[in-house]
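In: Need coordinates for the below:
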Amino acid sequence: MNEHDLQNRILLALSASGATVWRQNTGLAWVGEPVQLANGDVLLKNPRRLHVGLCKGSSDIIGLHEGRFIACEVKAKGGRVTREQENFIAQVNANGGSAGIAWSVDDALRLIR
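Out: All right, here's what the predicted structure looks like:
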């Protein structure tokens, strides 16, 4: 099963178990004043970087369960956890939340038990 499908199954399972969850994306985009060129390309004048999401390394799925913050980093078989992801999980757990890596739906459900 690919990571996208696993994320969707985990979102459904956590929701069915009483958690309120969201898919949380992080990334980088460029914004500025768009200028369309004659060939159809778009040029950005005064470009600037726009970082989206909580922070680098934040988990794929975040939410609440029984008043507690939860964070679930979803990994398909062969996936690797980054140092930033490990740090985010450690910070959530150190501050009273419940966070971890989910290689399966069962792994994700264990985070809320």
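In: Kindly list the main-chain dihedrals of Asn8?
Out: Here is the backbone geometry of Asn8 (degrees, to the nearest 10): phi -60, psi -40.
In: for Ala71, same thing?
Out: phi -140, psi 130.
In: shift numbering so it begins at 743
Out: Let's use 743 as the start, then, which means that last one is Ala813.
In: Could you count how many residues lie near it?
Out: Residues near Ala813, counting by other CB atoms under 10 Å, number 24. From N, CA and C alone the C-beta is placed, and that goes for glycine too.
In: now the closest residue to Leu796 other than its chain neighbours: how far from Arg822?
Out: Spatial nearest neighbour of Leu796, excluding adjacent residues (CB to CB, 6 or more residues apart in numbering): Gln766 at 6.3 Å. Per CB to CB, to the nearest Å, Gln766 is found 19 Å from Arg822.
In: who's more crowded, these two?
Out: Taking neighbours as other CB under 10 Å, Gln766 and Arg822 compare with Gln766 leading, 16 against 6.
In: Quantify the burial of Glu808 by counting its neighbouring residues.
Out: If you count neighbours by other CB under 10 Å, Glu808 ends up with 9.
In: That one is in contact with Thr762, isn't it?
Out: No: under the criterion of CB atoms under 8 Å, Glu808 is not in contact with Thr762, lying 10.3 Å apart.
In: Next, give phi and psi for the residue of the chain most remote from its centre.
Out: Computed with CA atoms, centre = their mean, the residue of the chain farthest from its C-alpha average is Ala780, at 38.2 Å. Per-residue torsions, Ala780: phi -60, psi -30 (degrees, to the nearest 10).
In: can you give me the strands for this structure?
Out: With strands called from DSSP state E, the chain shows them at 762-765, 769-778, 784-794, 803-807, 810-816, 840-844.
In: rewinding a little: look at the residue nearest to Leu796 and report its pLDDT.
Out: On pLDDT, Gln766 comes in at 94.
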